[in-house]
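# Make a model of this:
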Amino acid sequence: MADKYTVAIVGAGGISSAHVAGYNKNKEDVVIEAIVDPIANARKNFQDEYSVKHAYSSMANLFNDFVPDIVSICTWHSLHHEQTIEAAEAGVKAIICEKPMAIGSGPASMMIEACNKNDVKLVVSHQRRFTPGWEKAKQLVEQGLIGQPMFVELKALEGLLNWATHNIDGSRFIIGDPKTNWVFGAVQRTTNKYERNTRIEDSCMGLIHYKNDVQAFIQSDLKNYDFESKWATNHPIFIRGEKGALDISEYEVKFLGGNSSGWKTIPADVPKELIEPIGGETNGKLVSELIQWLEGGPEHRCSGVKAKETLDIMMSIYQSARINEKVIFPVKENDYPLDLMFEEGKIPLKTFEKYDIRGFLNRSGIDEKDYNRLKSQNLSHHEIMRQVKRS
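Presented below is the predicted three-dimensional model:
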């Protein structure tokens, strides 16, 4: 490769720092040239912090000036599909889109179609597929340590689209990305709950039946668990096989089976003190594998096609609750089933006041001078947004 790939990042919020960290791990191959954000102070802060030359208030302004090779979409969920399509049609070579891929299976299909039509590589940021604990678990499954996988148990909090997308996607990665046969789901939503201005459930559960006869059960916001202690995980994965079981985190794997009298810890190939589930080497490997894909290598482990299978599972949990039946794949409903359920009166509210569990991240109406004051204290974006003055 003669020249470095040029990069533009769309959205200067907290998650953009993880994308920057990933690109910075590949400085010999990429250079971040631009930031796009509608808020002037956000653009300036980003430029100052990361020494980025160009800043634009919109993607249209960016593409009128130049077309980068790679675009990172780091915006709120409902913007992902339109911004991905806009970038693909502008002529970029690759897109890294934040999770969840889209809100609805139809928009996700449109993203893939636009990228295929314009020969664009689409990656969705399920970067935890690169964490050493999950990679070790995949290796152990492939080596037959637990025999044929039979059942997967997953727990998540803070919404199916927000946290559970990683659990579902990560477990699929570990057991070989099987295709889905059907999904059966249940949903509760009696409060007017949103996440980044997208309607979400109070709680839900789903049973997934893959075509290789492995089943997976996901429960979201039904049971609290420790995710804040050192080496605890937000995204626990438990896999039971014919000959044993694995309890998996991003940091290590625990094995029960064989001649052991209890759980045995199997360390990852990297010391857990060095493992970062977001940013650092994890996002760095995501970028590195994208570069390999651009240069003729195999499909990326986080490709849009693989991510859509995960998204379709989540949408089908909602859709199954909507129609009171199993959802047989391939999915047929293109719109967001949770919105449809609400509009059809199938999930009536008991508490009507709207609340957003990530509403504090909405930058409209904040005191930008106070934001800068807090930033000078080396607080993270999330910490600042919880404390900043608002009009």
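
# just the helices in the stretch 51-200 of the chain please.
Along the stretch 51-200 of the chain, the segments classed as helices by DSSP state H, counting those that start in this stretch run 59-65, 80-90, 105-117, 132-142, 165-174.

# For residue 363, which three-state class applies?
Three-state assignment for residue 363 (DSSP: H, G, I helix; E, B strand; the rest coil): coil.

# want to throw the helices of the stretch 51-200 of the chain into a markdown table with mean neighbour count and mean pLDDT?
From N, CA and C alone the C-beta is placed, and that goes for glycine too. As requested, those are arranged in a markdown table below (neighbours: other Cβ atoms under 10 Å; pLDDT from 0 to 100):
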| stretch | mean neighbour count | mean pLDDT |
| --- | --- | --- |
| helix 59-65 | 16 | 98 |
| helix 80-90 | 22 | 98 |
| helix 105-117 | 20 | 98 |
| helix 132-142 | 21 | 98 |
| helix 165-174 | 26 | 98 |
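
# Tell me which of those approaches residue 282 most closely.
Set against residue 282 and scored by Cβ to Cβ, the helices of the stretch 51-200 of the chain come closest in helix 132-142, at 8.9 Å.

# For that closest one, name the packing helices and strands.
Under the contact criterion of 3 or more Cβ pairs under 8 Å, 6 or more residues apart in numbering; DSSP states H and E, helix 132-142 touches helix 165-174, strand 237-241, strand 244-248, strand 252-257, strand 264-267.

# where does this structure dip in pLDDT?
In the predicted model, the chain carries pLDDT under 70 at residues 1-2.

# Out of all residues in it, which is the farthest from the middle?
Within the chain, residue 259 marks the point farthest from the mean C-alpha position, 37.6 Å out by Cα atoms, centre = their mean.

# any idea which element it lies in?
Using DSSP states H and E, residue 259 maps to neither a helix nor a strand.

# dump the residue contacts of it.
For residue 259, the contact set (Cβ atoms under 8 Å, 6 or more residues apart in numbering) is empty.

# residue contacts, the closest residue to residue 239 other than its chain neighbours?
Leaving aside its sequence neighbours, residue 239 sits nearest to residue 246 (Cβ to Cβ, 6 or more residues apart in numbering; 4.7 Å). Contacts for residue 246 (Cβ under 8 Å, 6+ apart) come out as 137, 140-141, 145-146, 237-239, 253-255.

# which residue sits closest to residue 118, ignoring its sequence neighbours?
Once flanking residues are discounted, residue 118 sits nearest to residue 88: 4.7 Å by Cβ to Cβ, 6+ apart.

# now that neighbour: how far from residue 348?
Residue 88 sits 40 Å away from residue 348, going by Cβ to Cβ, to the nearest Å.

# How much space separates residue 221 from residue 324?
Residue 221 is 21 Å from residue 324, by Cβ to Cβ.

# Looking at those two, which is more packed in?
residue 221 (21 against 9; other Cβ atoms under 10 Å).

# Quick check: that one touching residue 204?
Yes. Residue 221 lies in contact with residue 204 (Cβ atoms under 8 Å); the separation is 7.3 Å.

# State the phi and psi torsions of the most centrally placed residue in the chain.
Nearest to the mean C-alpha position of the chain, counting by Cα atoms, centre = their mean, stands residue 99 at 3.0 Å. Note on residue 99: its backbone torsions stand at phi -90, psi 160 [degrees, to the nearest 10].

# Grab the nearest non-local neighbour of it.
residue 165 (5.1 Å).

# same deal with residue 175?
Nearest non-adjacent residue to residue 175, counting by Cβ to Cβ, 6+ apart: residue 149, 5.0 Å away.

# what's the answer for residue 28, then?
Of all residues not flanking residue 28 in the chain, residue 4 sits nearest, at 7.7 Å (Cβ to Cβ, 6+ apart).
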